[in-house]
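J.: Pasting the sequence and the predicted model now:
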Amino acid sequence: MKEKEMKDPLYVFIHVPKCAGTTIRENIIRNFDESEVLQLYGNVFPFLTDIGEIRDYLESLGNKDIIKVIFGHWAFYGIHELFPNRDVRYVLFLRDPVSRTISHYNWDRGRYFNLDDITKKKVFPEGKGDFSFSSWFKNRSKNIDEHNPIDKNNFIFRFLSSKAIDYTLDSGLSWDLKLSLLKEVMDKMYFVGISENKLDVLFVYKLLGLRNFVGNMNVSTRYLKREEIRIIKKRIKVFYPIDYELYDYALFLNRKFKNKSKNFYHGLFLIWVRFYVSDLFERHWRRGFYHYHVKEFYFSVRRLLRKIFMIIREIFRVIREILIFPFRISLFLKSKFKWYKRFVWWFKSSFGIK
């Protein structure tokens with residue numbers, strides 16, 4: 001126990017897609033050395049295909065004590081067993097299921113043109129012909145492997161089932177037993193945050209002692225209008241009964257943690273100021289003013305000059321065509337009529353034109 005207290009806590013973030021995880025991760029990376037953060041993502045470890053292989057990889061690591069944060073879609077509940085001498089603290093962020101789905105749609109639509117042809121078909125089967133939310137939602141539901149019909153649209157439930165329940169048992173459990181096991185696991189986590197609550201994110205930054213920030217990351221372009229979002233939220237909420245049960249339980253645990261933690265809000269204002277200033281700089285200068293104003297101004301001027309050049313070139317081409325048009329007619333008449341050819345010969349010889 002003393003050995004655990006001497007070492008820094010190990011924070012394990014189970015990153016549910018489109019739940020503010022990328023922003024938290026990028027701000028963590030800014031403040032820690034590369035060796036102190038272990039990112040468990042498919043693009044970082046493409047050779048690891050399941051939780052069993054991830055577990056084997058973690059067991060094979062040499063100096064594991066230098067790791068302070070484990071983060072990723074492949075992070076799972078059970079990592080504490082591989083770090084017996086560390087105080088392992090699990091952190092989970094959840095988001096309103098329908099809002100998460102809409103954000104997922106925006107993300108898929110924004111990255112569509114960077115995908116390979118097979119993935120494009122999986123995301124938007126009609127391609128450029130139909131980028132609607134309804135088409136995306138129907139296709140996404142159709143592509144889900146339905147071991148249990150009730151799992152179909154409950155993305156958060158399916159994702160956490162594979163990360164928070166023993167992977168050797170997961171496929172053989174009913175959905176209601178999975179749900180109760182998930183709640184038990186969430187009870188054991190150090191902190192369950194709500195993505196919509198910015199103070200929860202700031203609390204995590206305070207917990208890790210972050211000082212340098214990069215602002216909000218991976219913010220998807222919003223392709224739906226407010227009225228469309230309102231209608232979609234009303235229509236598809238019924239597809240997420242289990243996700244909403246998990247989300248409501250997360251809200252309960254979140255309130256419970258804040259009621260017990262007297263110092264939860266202490267120091268968050270200063271962190272908010274630091275983060276807000278950094279976010280303004282990133283959005284309005286590095287990713288905003290510079291990219292969307294300075295660079296856009298440069299490319300706009302370049303496009304304008306190209307258009308002016310093309311117009312001038314077209315004007316000269318038309319003038320040239322007008323000037324040579326009589327000669328084209330003359331050549332045509334020469335080729336068709338002998339009398340015109342004789343007339344041209346007589347005209348040139350009479351006026352001394354060569």
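T.: Alright, I've got the coordinates.
J.: Near Val44, how many other residues are there?
T.: Using other Cβ atoms under 10 Å, Val44 has 12 neighbouring residues. Every C-beta, even on glycine, is put in place using the N, C-alpha and C of the backbone.
J.: That one and Phe71 touch, don't they?
T.: No - between Val44 and Phe71 there is no contact, the gap being 10.2 Å when judged by Cβ atoms under 8 Å.
J.: for the stretch 151-300 of the chain, what spans make up the strands?
T.: Defined through DSSP state E, counting those that start in this stretch, the strands belonging to the stretch 151-300 of the chain, from first to last, are 191-194.
J.: In it, where is pLDDT below threshold?
T.: Within the stretch 151-300 of the chain, the stretches with pLDDT under 70 are 151-152, 166-172, 218, 283-299.
J.: elements contacting the longest helix along the chain?
T.: Of all the elements of type helix in the chain, the one with the most residues (DSSP state H) is helix 295-336. On a contact count with 3 or more Cβ pairs under 8 Å, 6 or more residues apart in numbering; DSSP states H and E, helix 295-336 meets helix 338-351.
J.: what comes into contact with the helix it packs on?
T.: If you take Cβ atoms under 8 Å, 6 or more residues apart in numbering as the criterion, helix 338-351 is touched by Ser330, Leu333, Lys334, Ile353, Lys354.
J.: Find the pair from those residues with maximum spatial separation.
T.: By the measure Cβ to Cβ, Leu333 and Lys354 form the most distant pair in the contacts of helix 338-351, at 19.7 Å.
J.: if I look at Thr22, how far off is Tyr11?
T.: 16 Å (Cβ to Cβ, to the nearest Å).
J.: In JSON lines: the contacts of helix 338-351, plus distance to Tyr244, neighbour count and pLDDT.
T.: What follows is these, written out as JSON lines (distance: Cβ to Cβ, whole Å; neighbours: other Cβ atoms under 10 Å; pLDDT from 0 to 100):
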{"residue": "Ser330", "distance to Tyr244": "83", "neighbour count": "14", "pLDDT": "84"}
{"residue": "Leu333", "distance to Tyr244": "84", "neighbour count": "14", "pLDDT": "84"}
{"residue": "Lys334", "distance to Tyr244": "86", "neighbour count": "14", "pLDDT": "80"}
{"residue": "Ile353", "distance to Tyr244": "92", "neighbour count": "8", "pLDDT": "71"}
{"residue": "Lys354", "distance to Tyr244": "93", "neighbour count": "4", "pLDDT": "62"}
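J.: circling back to that earlier point, Thr22 and Tyr11: who's more crowded?
T.: Looking at Thr22 and Tyr11 with other Cβ under 10 Å, you find the greater number of neighbours at Tyr11, namely 22 against 15.
J.: for the helix or strand containing Ile24, the distance to its chain's centre please.
T.: Of the helices and strands defined by DSSP states H and E, Ile24 is found in helix 21-31. Taking Cα atoms, centre = their mean, to the nearest Å, one finds the center of helix 21-31 at 14 Å from the center of the full chain.
J.: list the buried ones in that helix?
T.: Of the residues in helix 21-31, Gly21, Thr23, Ile24, Arg25, Asn27, Ile28, Ile29, Asn31 count as buried by neighbour count, 16 or more other Cβ atoms under 10 Å.
J.: The following helix or strand past it pairs with which strands, parallel or anti?
T.: Later in the chain than helix 21-31, the nearest helix or strand by DSSP H and E is strand 37-39. Strand pairing for strand 37-39, using DSSP bridges, gives strand 69-72 (parallel).
J.: for the record, mean pLDDT for the partner strand?
T.: Averaged over strand 69-72, pLDDT sits at 95.
J.: same check, this time on stretch 339-351
T.: Over the span of stretch 339-351, the pLDDT mean works out to 81.
J.: and it, how far out from the chain's middle?
T.: Taking mean C-alpha positions (Cα atoms, centre = their mean), stretch 339-351 and its chain are 77 Å apart.
J.: Same check on stretch 335-354?
T.: Computed by Cα atoms, centre = their mean, the separation of stretch 335-354 from the middle of its chain amounts to 75 Å.
J.: repeat for stretch 197-209
T.: 21 Å.
J.: Regarding Val16, what is its secondary structure?
T.: At Val16 the chain is in coil, as set by DSSP: H, G, I helix; E, B strand; the rest coil.
J.: distance of the closest residue to Val123 other than its chain neighbours from Phe93?
T.: Nearest non-adjacent residue to Val123, counting by Cβ to Cβ, 6 or more residues apart in numbering: Asp108, 4.8 Å away. For Asp108, the distance to Phe93 (Cβ to Cβ) stands at 20 Å.
J.: now Tyr276
T.: From Tyr276 across to Phe93, the span is 20 Å (Cβ to Cβ).
J.: So for those two, which residue has more residues nearby?
T.: The neighbour comparison of Tyr276 against Phe93 (other Cβ under 10 Å) goes to Phe93, with 25 against 13.
J.: State the distance from that one to Asn254.
T.: For Phe93, the distance to Asn254 (Cβ to Cβ) stands at 10 Å.
J.: what's the answer for Leu181, then?
T.: Applying Cβ to Cβ to Leu181 and Asn254 gives a distance of 20 Å.
J.: ok, which stretches of the stretch 51-200 of the chain are helices?
T.: Using DSSP state H, counting those that start in this stretch, the helices of the stretch 51-200 of the chain run over residues 51-60, 97-110, 117-123, 133-142, 155-164, 175-188, 198-208.
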